[in-house]
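>>> Structure for the following, please:
(2 chains)
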There are 2 protein chains.
Amino acid sequence: MKAIIVGVGLIGGSMARDLRCKYPEVSIYGADATATHLEEAIRLGLIDGIAESKDFSEADIVVVSIPVDAIVLELPKLLDVIGDDTLVIDAGSTKSEICSIVEDHPKRRNFLACHPIAGTEFSGPSAAVSELFAGKTNIICEVEKTAFKLQERALSVFSSLGMRIRYMNPEAHDRHIAYVSHLSHISSFMLGKTVIEKEKNERDIFDMAGSGFESTVRLAKSSPAMWTPIFEQNKDNVVETLEEYIQNLEAFKQKLIDDNFEGIYEEMDSTNKIKSILKGIPQNNKDR
Amino acid sequence: MKAIIVGVGLIGGSMARDLRCKYPEVSIYGADATATHLEEAIRLGLIDGIAESKDFSEADIVVVSIPVDAIVLELPKLLDVIGDDTLVIDAGSTKSEICSIVEDHPKRRNFLACHPIAGTEFSGPSAAVSELFAGKTNIICEVEKTAFKLQERALSVFSSLGMRIRYMNPEAHDRHIAYVSHLSHISSFMLGKTVIEKEKNERDIFDMAGSGFESTVRLAKSSPAMWTPIFEQNKDNVVETLEEYIQNLEAFKQKLIDDNFEGIYEEMDSTNKIKSILKGIPQNNKDR
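A predicted model of the protein is given here:
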């Protein structure tokens, strides 16, 4: 198997680690806008070398794991140069604009639109880890637009990586992912900002922060270069989720102001059912 | 050593586990408004039995680990019945009202106001774990109002549990803890609520949730019975932090609406420095 990783960061690099483990005979080549990332990826053994033009026409699989604004620019060009039997998958956190940009591409059937729900708040080749995708969900959009043989190849790779598959249309993906992922990132970034602003002259105060604070602001370490274009492409859905979130915070604040602590209790009590919902999150099934 | 744990839940039970480990000769008695908690605590070996009135007058240390509204009610009564040489510590997440309620109590010098910054989102005797306090910060308020000999006893216990000590006045504690703890809980509860409301008819959607969502809503599993009185006692500070948080979310939303993605990038980029701040959180120092 010949694989090309376009974007040798957290996702692409982790994919490379797993491919190498599950397909010992694989040759993996890399492409990246940042030359030092390629050097690092070679040094870390993630890739065997830098992808040349002939590699794209010969590749069995091309993994496009770059920010979503770059996917929209690069994916059509990639489809132009791949071979007739090459499968291209992406890992973008938005799906509508990406599916739309290649809708009429002559090689549309070589592309499978994917969103593996896996990651950490870190980025770059050194953030790549083995087994990142094991037990995680991979959302596939517009599966019917991909050649059957290449669907099979993709599913075989995902299966070897231990992923669960869910099929969804791009619009539904973008609407729901705004709630369960994009909103979490904004809530975390703004929580971090609020505390940093307030406590800027009192760094000692962070001695008072415990694991709860750390958990809620963890995502505020995420890469702005990755997340800005996600929010841009999913703007309408994200604005809607933010409005609902702000309304809920305002209502909670008003209950505090009104001394309606019975209402405050009920708000929290009814939200406690998140416990059973979190148990349903794939990666938690194993150990709970 | 004779110890009494008033409230044999997560904090009190964990304290009991550590006391038993560090002071093998200790006798530990429990008190709790919930009879089944006492039975469970005995079965789990957290306590040796149920505290009787004579135990309070003989105890070397009484740990008051109950919701902050119950502390305000019970602490003066406890001070009434303890011995002259008994140390009473609390573990409340607010400090002003608690310190105020015992200000003029004849046994004020037997009490040390504490807030160990440790815990999980779970509660009850079964949530108690060993070493919960190791490497964590314990905030002590109004230390000067406690008898010197009893300060020494408390510090010796905290030291054996591996805690770092910080001294602070109750008002400063409540102001800062609103930012680094209370706000995180509200942000998490309201995030959980927003997503549950939206997705109530589509439970499958939680298949799409990853570890990022889980991290930001973890605190929404917390106990409403514990948190409602915390928000009530610290209402003014909490409302202020909520207002600042909502303003930041509104400004972020407006930047999205205005297509000001450079501004969105800058917001996230400047908040990324939370990385270095999180490194400063005590429990993270060990492994980073």
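>>> For chain A, which segments are assigned as strands?
Assigned by DSSP state E, the strands in chain A fall at A:2-6, A:27-31, A:49-50, A:61-64, A:87-90, A:111-116, A:137-141, A:164-168.
>>> same for the shortest one, what does it pack against?
Packing contacts for strand A:49-50, counted by 3 or more Cβ pairs under 8 Å, 6 or more residues apart in numbering or on different chains; DSSP states H and E, involve strand A:27-31, helix A:35-43. For every residue, glycine as well, the C-beta is placed using N, CA and C.
>>> which stretches of chain A form helices?
A:10-22, A:35-43, A:53-58, A:68-81, A:96-101, A:148-160, A:170-177, A:183-198, A:211-217, A:224-233, A:235-257, A:261-271, A:274-279, A:282-285 (DSSP state H).
>>> related to what we said a few turns ago, a markdown table for the strands of chain A, including mean pLDDT?
Formatted as a markdown table, the strands of chain A follow (pLDDT from 0 to 100):
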| stretch | mean pLDDT |
| --- | --- |
| strand A:2-6 | 98 |
| strand A:27-31 | 98 |
| strand A:49-50 | 98 |
| strand A:61-64 | 98 |
| strand A:87-90 | 98 |
| strand A:111-116 | 98 |
| strand A:137-141 | 96 |
| strand A:164-168 | 94 |
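>>> got these as TSV, with distance to B:Gly212 and mean neighbour count columns?
Below are these laid out as TSV (distance: least, Cβ to Cβ, whole Å; neighbours: other Cβ atoms under 10 Å in any protein chain shown):
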stretch	distance to B:Gly212	mean neighbour count
strand A:2-6	23	25
strand A:27-31	26	23
strand A:49-50	32	14
strand A:61-64	21	26
strand A:87-90	19	26
strand A:111-116	13	25
strand A:137-141	13	22
strand A:164-168	17	16
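>>> and the stretch 51-200 of chain A, which of its residues are near chain B?
Residues of the stretch 51-200 of chain A lying close to chain B by Cβ under 8 Å from any Cβ of the partner chain are A:117-121, A:136-137, A:139, A:164, A:166, A:173, A:176-177, A:179-181, A:183-199.
>>> just to revisit the earlier point, and B:Thr241, which of the helices and strands packed on strand A:49-50 is closest to it?
Of all these, helix A:35-43 sits nearest to B:Thr241, with 39.2 Å by Cβ to Cβ.
>>> Can you read off the pLDDT for the residue nearest the centre of chain A?
The centroid of chain A falls nearest to A:Ser93 when counting by Cα atoms, centre = their mean (4.7 Å). We have a pLDDT of 97 for A:Ser93.
>>> What residues does it make contact with?
Counting by Cβ atoms under 8 Å, 6 or more residues apart in numbering or on different chains, A:Ser93 makes contact with A:Val68, A:His115, A:Ile177, A:Ser181, A:His182, A:Ile230.
>>> Those residues, buried ones only, as a ChimeraX selection?
The buried residues among the contacts of A:Ser93 can be selected in ChimeraX (16 or more other Cβ atoms under 10 Å in any protein chain shown) with this line:
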select /A:68,115,177,181,182,230
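>>> export the contacts of A:Ser93 to CSV and tack on distance to B:Ile42?
Below are the contacts of A:Ser93 laid out as CSV (distance: Cβ to Cβ, whole Å):
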residue, distance to B:Ile42
A:Val68, 57
A:His115, 50
A:Ile177, 48
A:Ser181, 45
A:His182, 48
A:Ile230, 53
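>>> What is the nearest of the contacts of A:Ser93 to A:Ser270?
A:Ser181 (22.7 Å).
>>> Do I have it right that that closest one meets B:Ser211?
No: shown here, A:Ser181 and B:Ser211 do not form a contact pair, counting by Cβ atoms under 8 Å, at 10.2 Å.
>>> Buried ones among the residues of the stretch 51-200 of chain A next to chain B?
Here, 16+ other Cβ under 10 Å leaves A:117-121, A:136-137, A:139, A:164, A:166, A:173, A:176-177, A:179-181, A:183-196, A:198-199 buried among those.
>>> Domain ranges for chain A, per the record?
A:2-168, A:172-285 (automatic domain parsing).
>>> can you tell me which of these the model trusts least?
Among the domains of chain A, domain A:172-285 carries the lowest mean pLDDT (a mean of 90).
>>> about what we covered before: A:His182 versus the residue nearest to the centre of chain A, what's the distance?
Applying Cβ to Cβ, to the nearest Å, the value for A:Ser93 to A:His182 is 8 Å.
>>> Any chance you could list residues touching both of these two?
Taking Cβ under 8 Å, 6+ apart as the criterion, A:Ser93 and A:His182 both touch A:Ile230.
>>> now the helices of chain A as a markdown table including distance to B:Leu132?
Conversion of the helices of chain A to a markdown table gives the following (distance: least, Cβ to Cβ, whole Å):
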| stretch | distance to B:Leu132 |
| --- | --- |
| helix A:10-22 | 32 |
| helix A:35-43 | 39 |
| helix A:53-58 | 53 |
| helix A:68-81 | 41 |
| helix A:96-101 | 46 |
| helix A:148-160 | 40 |
| helix A:170-177 | 35 |
| helix A:183-198 | 24 |
| helix A:211-217 | 10 |
| helix A:224-233 | 34 |
| helix A:235-257 | 29 |
| helix A:261-271 | 23 |
| helix A:274-279 | 20 |
| helix A:282-285 | 22 |
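>>> Could you say which one of the ones you listed comes nearest to B:Glu131?
Among those, the nearest to B:Glu131 by Cβ to Cβ is helix A:211-217 (13.5 Å).
>>> Check the offset of that closest one from the chain's centre.
21 Å (Cα atoms, centre = their mean, to the nearest Å).
>>> Kindly report the same for stretch A:109-122.
For stretch A:109-122, the distance to the chain centre is 6 Å (Cα atoms, centre = their mean).
>>> what's the answer for stretch A:218-225, then?
That offset, for stretch A:218-225, works out to 12 Å (Cα atoms, centre = their mean).
>>> is chain B contacted by that stretch?
Yes: interface with chain B: stretch A:218-225 contributes A:Arg218, A:Leu219, A:Ala220, A:Lys221, A:Ser222, A:Pro224, A:Ala225 (Cβ under 8 Å from any Cβ).
>>> Pull out the buried positions in that stretch.
Buried positions in stretch A:218-225, judged by neighbour count with 16+ other Cβ under 10 Å: A:Arg218, A:Leu219, A:Ala220, A:Lys221, A:Ser222, A:Ser223, A:Pro224.
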